[in-house]
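Chemist: Okay, predicted coordinates and the sequence, questions at the end:
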Amino acid sequence: MKAARYYGQRDIRIENIPEPDLRPGTVAIDVAWCGICGTDLHEYAEGPIFVPPAGHPHPISGESAPITLGHEFSGTIVDLGDGVTDLEIGQSVVVEPYIVADDVDTGPGQRYQLSKNVNFIGLGGCGGGLSEKIVVKRRWVHPVGDMPLDQAALIEPLSVSRHAVVRSGARPGQTAIVGGAGPIGLLTLSVLKAYGLKVFISELSAARKAKATAAGADGVFDPREGSVAEMVRDQTQGRGADVAFECSSVPAVLDMLVDAVRPGGVLVNVSIWGHKPAVDMPRLVLKEIDLRGTLAYANDHPDTIALVRQGKVNLKQFITSRIALDKLVQDGIEELIHNNEHQVKIIVNPRA
Ligand SMILES: NC(=O)c1ccc[n+]([C@@H]2O[C@H](COP(=O)([O-])OP(=O)(O)OC[C@H]3O[C@@H](n4cnc5c(N)ncnc54)[C@H](O)[C@@H]3O)[C@@H](O)[C@H]2O)c1
Ligand SMILES: [Zn+2]
């Protein structure tokens, strides 16, 4: 089968590799669509980061580069391993792409995303969505009902945003400010709207500002037009936002959010930083701001899928391009690196 294999920095090859074997307790899936994520871009341009380099096998997967890429994918069940009795061949599914040790409790309320040596299918080994077929443990398979499979490829990043919103403790009727309208910022905006908040977002790019407006933002603020924190206070009777989300990895945006969130508010940092940013600690103390991290998701997928199936989040609007696997580097990765303001999510059909 065809697969996109990561060998190292700027070295991704489309190759023919053997199909994975079905094992007891696993599910075989024909991949329909796989999204390209900012993490994939980082692996390509600056990696390996999550990918275990050749000669350094991951302690759980036992694999190292080359590995198959792709962790944001949907597909159709084509076979069920022994012991898998609660799914059916032909079902549409997504995969929660975790590699965690077998003895980690992944039950309700468990924070398995924080477990030792955690990694992701499509980065740390175990196959990937940028291939025609994948076999994964039953635990990580989530049926999506009649959700179109192209949209379902966005369930993974939407789960990141859903988890960030849960981490914030946001309640209906509150006000949020999101910093950055890239894929993660736009999906966070969508979840916040679905949960009944008033949402402001800040962004520089015209194309992404338009996406934010279309996705229901109550205000889209450009930092070149004045203080975004002042704009938020103007819209909240001087109070500031109840919850804030850093989704840009830009220090000036983090500063703005510390300013824009109300005293006693919550600031969730979603960004993964390549360097340590300065945080305005004096202001954080004087305002008693809760600064929280958020990592991926844990038992968020069922509720995330429900948000889309109930029509509360429209994922279709964020698919800006569809490409075949052979075009992954040129029309997918390089396009996102050089022309990202006109793209939100590029999805890849590995079977095209
Ligand atoms: N915590 C997690 O589990 C998790 C998961 C996935 C992604 N992430 C991280 O989330 C972050 C966002 O991801 P993304 O794919 O949306 O990134 P992105 O780079 O596509 O989006 C960032 C956006 O911020 C905007 N921006 C830049 N400077 C700005 C400014 N001064 N004011 C307002 N907006 C500004 C950019 O124009 C861009 O649209 C990244 O750091 C990514 O690594 C975290
Ligand atoms: Zn991702």
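Modeler: Okay, I see it. Owing to the predicted nature of the structure, the values given are computational and were not obtained by experimental measurement. Numbers count the residues shown, from 1 in each chain. Ligands and ions are numbered 1, 2, ... in the order given.
Chemist: Spell out which parts of the stretch 251-352 of the chain neighbour ligand 1.
Modeler: Contact residues, the stretch 251-352 of the chain versus ligand 1 (Cβ under 6 Å from any ligand atom): A252, V253, V270, S271, I272, T294, L295, A296, N340. All C-beta spots, glycine's among them, are computed from the backbone N, C-alpha and C.
Chemist: ok, now with 5 Å
Modeler: A252, V253, V270, S271, I272, L295, A296 (Cβ under 5 Å from any ligand atom).
Chemist: now do the chain
Modeler: So the chain meets ligand 1 at 38, 160, 180, 182-184, 202-205, 208, 223, 247-250, 252-253, 270-272, 295-296 (Cβ under 5 Å from any ligand atom).
Chemist: quick one, helices of the protein?
Modeler: 38-46, 149-152, 155-168, 183-194, 206-214, 228-234, 251-260, 281-286, 301-309, 334-338 (DSSP state H).
Chemist: Now mean pLDDT and mean neighbour count too, for those helices, in a markdown table please.
Modeler: As requested, these are arranged in a markdown table below (pLDDT from 0 to 100; neighbours: other Cβ atoms under 10 Å):
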| stretch | mean pLDDT | mean neighbour count |
| --- | --- | --- |
| helix 38-46 | 95 | 18 |
| helix 149-152 | 98 | 21 |
| helix 155-168 | 98 | 26 |
| helix 183-194 | 98 | 27 |
| helix 206-214 | 96 | 17 |
| helix 228-234 | 98 | 20 |
| helix 251-260 | 98 | 22 |
| helix 281-286 | 98 | 11 |
| helix 301-309 | 98 | 18 |
| helix 334-338 | 95 | 15 |
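Chemist: so which of the ones you listed comes closest to N117?
Modeler: helix 38-46 (17.4 Å; Cβ to Cβ).
Chemist: any idea of the angle that closest one forms with helix 183-194?
Modeler: Here helix 38-46 runs at an angle of 170 degrees relative to helix 183-194 (axes from the mean of the first three to the mean of the last three Cα atoms, to 10 degrees).
Chemist: Now helix 38-46 - C-alpha only, PDB.
Modeler: C-alpha atoms of helix 38-46 as PDB (Å, rounded to 0.1, in the frame of the first residue of the first chain):
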ATOM      1  CA  GLY A  38       1.100  22.200  12.300                       C
ATOM      2  CA  THR A  39       3.000  19.400  14.100                       C
ATOM      3  CA  ASP A  40       3.600  17.600  10.800                       C
ATOM      4  CA  LEU A  41       5.000  20.900   9.500                       C
ATOM      5  CA  HIS A  42       7.400  21.200  12.500                       C
ATOM      6  CA  GLU A  43       8.600  17.600  12.000                       C
ATOM      7  CA  TYR A  44       9.300  18.400   8.300                       C
ATOM      8  CA  ALA A  45      11.000  21.800   8.800                       C
ATOM      9  CA  GLU A  46      12.700  21.400  12.200                       C
END
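Chemist: what sits up against that helix?
Modeler: Under the criterion Cβ atoms under 8 Å, 6 or more residues apart in numbering, residues 6, 9-10, 12, 49-51, 69-71, 123, 182-184, 272, 274, 329, 333, 336-337 lie in contact with helix 38-46.
Chemist: among these, which ones are buried?
Modeler: Neighbour-count burial (16 or more other Cβ atoms under 10 Å) applied to those gives 6, 12, 50-51, 69-71, 123, 182-184, 329, 333, 336.
Chemist: Closest one to ligand 2 out of those residues, please.
Modeler: H71 (5.5 Å; Cβ to the ion).
Chemist: Got phi/psi on that closest one?
Modeler: phi -120, psi 0 (degrees, to the nearest 10).
Chemist: pretty sure it contacts P97?
Modeler: Yes. Contact criterion Cβ atoms under 8 Å: H71 and P97 qualify, at 4.1 Å.
Chemist: For I67, give its distance to L295.
Modeler: To L295, I67 is 21 Å away according to Cβ to Cβ, to the nearest Å.
Chemist: Neighbour count for the two, which is higher?
Modeler: I67 (27 against 15; other Cβ atoms under 10 Å).
Chemist: in the sheet, who's paired with that one?
Modeler: Note on I67: beta-bridge partners by DSSP bridges are Y6.
Chemist: Adding distance to I323 as columns, could you present the helices of the chain in TSV?
Modeler: Converted to TSV, the helices of the chain look like this (distance: least, Cβ to Cβ, whole Å):
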stretch	distance to I323
helix 38-46	13
helix 149-152	12
helix 155-168	17
helix 183-194	16
helix 206-214	19
helix 228-234	34
helix 251-260	30
helix 281-286	43
helix 301-309	23
helix 334-338	9
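Chemist: who are the neighbours in contact with the spatially closest residue to R233 that is not a sequence neighbour?
Modeler: Among residues not flanking R233 along the chain, G240 sits closest, at 5.7 Å (Cβ to Cβ, 6 or more residues apart in numbering). If you count contacts by Cβ under 8 Å, 6+ apart, G240 has them with A229, V232, R233, A260, V261, R262, P263, G265.
Chemist: can you rerun that using 6 Å?
Modeler: R233, A260, V261, R262 (Cβ atoms under 6 Å, 6 or more residues apart in numbering).
Chemist: Let me know the closest of the buried ones among the contacts of helix 38-46 to S321.
Modeler: For these, the nearest to S321 is L336 (9.2 Å; Cβ to Cβ).
Chemist: partners of the nearest residue to E88 once chain neighbours are set aside in the sheet?
Modeler: Residue nearest to E88 in three dimensions, not counting chain neighbours: I77, with 6.7 Å by Cβ to Cβ, 6+ apart. As for beta bridges, I77 partners with I29 under DSSP bridges.
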